[in-house]
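**Student:** all I have is the shape, not the residue letters:
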């Protein structure tokens, strides 16, 4: 039994008595208790791969910020890791794949991962979290969209242009599809296992959606997101967040996802018109949390007004920036909770 | 007298007998003759600040690629440099400002630069280029949009989020406007001087437009671009290219700019509808030039078809990537020239 099921009901498309709120990257560097735990460990991956610790940092923002949902602490790159392509998290630089995918032989060597065998640590973290949450709020599971995962596997690290990954789409589209199919199969099994382990909503993050031209996005990204939605929809409500792919809303509208995430460039009224009946999630500029408390409150209220007219889950338009004052995050959360519409 | 005035006529809004073509960053690392010259110098800034050399690399793509316009070889960051905030170009990393703008005192210390005194090397490069071109093709001058220049001056270097620059807009909007006014005054004088020195069209590059929410874009970027357009329109046709600011087309449509540049996320028909009467420039995905020659030809023809119905200047949707095969660039240029519409 959930004590606070506001988020879950909104994620199912129901109208709720107030707007639920959580933040992308709420578990992390904005919280002193996270920084303390993280500082005691050898690295980011130790935290991700140790279920009791991942569960602990998943719950920290529920205690510290009183948000309406928890999201399992993990990383989208556990999927390529499970497929046989390990990554490292380099301090202050980001993820790095020592080997990358360049050829048909590289793709052939990858496995479709069995989530129980290769991602058991995430499933165990979900089970521990669910028990510890004891029904306080719902738990969100997640995965990267196949295109975004391919982008890292081919490029090998973050990039402003991901030009190596995009080169593959032009030079070897058939190979790109083979790779995307393997990632998609892994992702579907992984998200299904997350739901079995206790995740009540799942979110697909297409972080690098915005660097593809629309025709490539349809061919190499949204068709695989659609497959994930079709497989998961019978099990749990799904949220799709494709950063920068403002033109793809009609494609998401046609998928059996329940919620569409908006970045801070998007206008809620336009998305509502293009995706009638969907719950919308977002979309305060993360930089708005740098203002004074009065400014944060005003910006949050302006954001809430823009989402009027349908189900809304308040969030930022991307992950919270690490140097954000946690007190300002609380102002954001409290403003949503006090909002009278 | 211009031997090839196709680009200039299209930039004035005239219909031309064929579509003119040039590439953003056509002068640069894709050409072996550029790499050879660059390798003989102490650094990027020596090339930018030595008029005869800047003129030489400006003309290289006219010889090597036979494009319909030259663009003066320079950098948008010469403007902060001229205002009293010097930058360095760090190999493989990009620009770096040893000191950045953080306070009202920092802004007060900046000067509105006199282009003849502080940017004379660019004006001299334009004069040398014009003489050497001898009317073969028109010459484009350029500057960064004030928001993009502010972003570098505050952040100090490239960034995925420019969160420090965006923080300033929330925390100290009045100070941001003071800084933007100084940059705008410098930019207007600089572009006017470029036209006096011989630039026949000027382009404003808002490279970091896409990271602002629409309301901030209107307040902190497009209002200053509008001032630049108003000041320059009596002197020369102006092109505005705001990467990622797809929502701002109606704002540009209302400005006295003649041409709107599109990135590869934008759909030409939508931009034509929102900006009737403007010339459109763009927008092939730079990664499309990684394909085979047949693929480059097909992608270029598909792009040309999408721009049907009004004046078009063929280009990429952003700068050409440095590892692009120059032969494929020639296929792009030649396909545009052979296009029968």
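**Tutor:** Thanks, I have it. Bear in mind that the values here come from a model prediction, so they are computed numbers and not experimental data.
**Student:** neighbours of residue A:290, how many?
**Tutor:** Neighbour count of residue A:290, defined by other C-beta atoms under 10 Å in any protein chain shown: 22. Backbone N, C-alpha and C define where each C-beta goes, glycine included.
**Student:** so what's it up against?
**Tutor:** Residues in contact with residue A:290, defined by C-beta atoms under 8 Å, 6 or more residues apart in numbering or on different chains, are A:321, A:324-325, A:328, B:163, B:166-167, B:170-171.
**Student:** check which helix or strand the closest residue to it other than its chain neighbours maps to.
**Tutor:** Nearest in space to residue A:290, with sequence neighbours left out and distances taken as C-beta to C-beta, 6 or more residues apart in numbering or on different chains, is residue B:167 at 4.0 Å. Under the criterion of DSSP states H and E, residue B:167 resides in helix B:163-171.
**Student:** the next helix or strand after that helix to helix B:163-171, inter-axis angle?
**Tutor:** Following the chain from helix B:163-171 toward its C-terminal end, the next helix or strand by DSSP H and E is helix B:173-197. In this structure, helix B:173-197 runs at an angle of 120 degrees to helix B:163-171, with axes from the mean of the first three to the mean of the last three C-alpha atoms, to 10 degrees as the basis.
**Student:** circling back to that earlier point, so the residue nearest to residue A:290 sits against residue A:289, correct?
**Tutor:** No: contact status for residue B:167 versus residue A:289: not in contact, 9.3 Å apart, counting by C-beta atoms under 8 Å.
**Student:** which strands and helices lie in contact with the helix or strand encompassing residue A:204?
**Tutor:** When elements are assigned from DSSP H and E, residue A:204 belongs to strand A:201-206. Counting by 3 or more C-beta pairs under 8 Å, 6 or more residues apart in numbering or on different chains; DSSP states H and E, the packing neighbours recorded for strand A:201-206 are helix A:6-11, strand A:139-144, helix A:146-155, helix A:173-197, helix A:223-232, strand A:238-242.
**Student:** contacting residues around residue A:248?
**Tutor:** The neighbours of residue A:248, taking C-beta under 8 Å, 6+ apart as the test, are A:209, A:214, A:217-218, A:222, A:242.
**Student:** and the residue lying closest to residue A:17 once chain neighbours are set aside, what's its pLDDT?
**Tutor:** If the residues on either side of it in the chain are set aside, residue A:17 comes closest to residue A:6, at 7.6 Å by C-beta to C-beta, 6+ apart. What the model reports as pLDDT for residue A:6 is 98.
**Student:** same check on residue A:40?
**Tutor:** As predicted, residue A:40 sits at a pLDDT of 95.
**Student:** who's residue A:141 bridged to?
**Tutor:** Beta bridges link residue A:141 to residue A:202, judged by DSSP bridges.
**Student:** give me the pLDDT value at the residue nearest to residue A:169 when sequence neighbours are not counted.
**Tutor:** Distances taken as C-beta to C-beta, 6+ apart place residue A:176 nearest to residue A:169, at 5.2 Å, with adjacent residues excluded. Reading off the per-residue confidence, residue A:176 sits at a pLDDT of 98.
**Student:** same deal with residue A:15?
**Tutor:** Confidence score, pLDDT, at residue A:15: 89.
**Student:** my read: it touches residue A:311, true?
**Tutor:** Yes: counting by C-beta under 8 Å, residue A:15 sits close enough to residue A:311 to count as a contact (6.0 Å).
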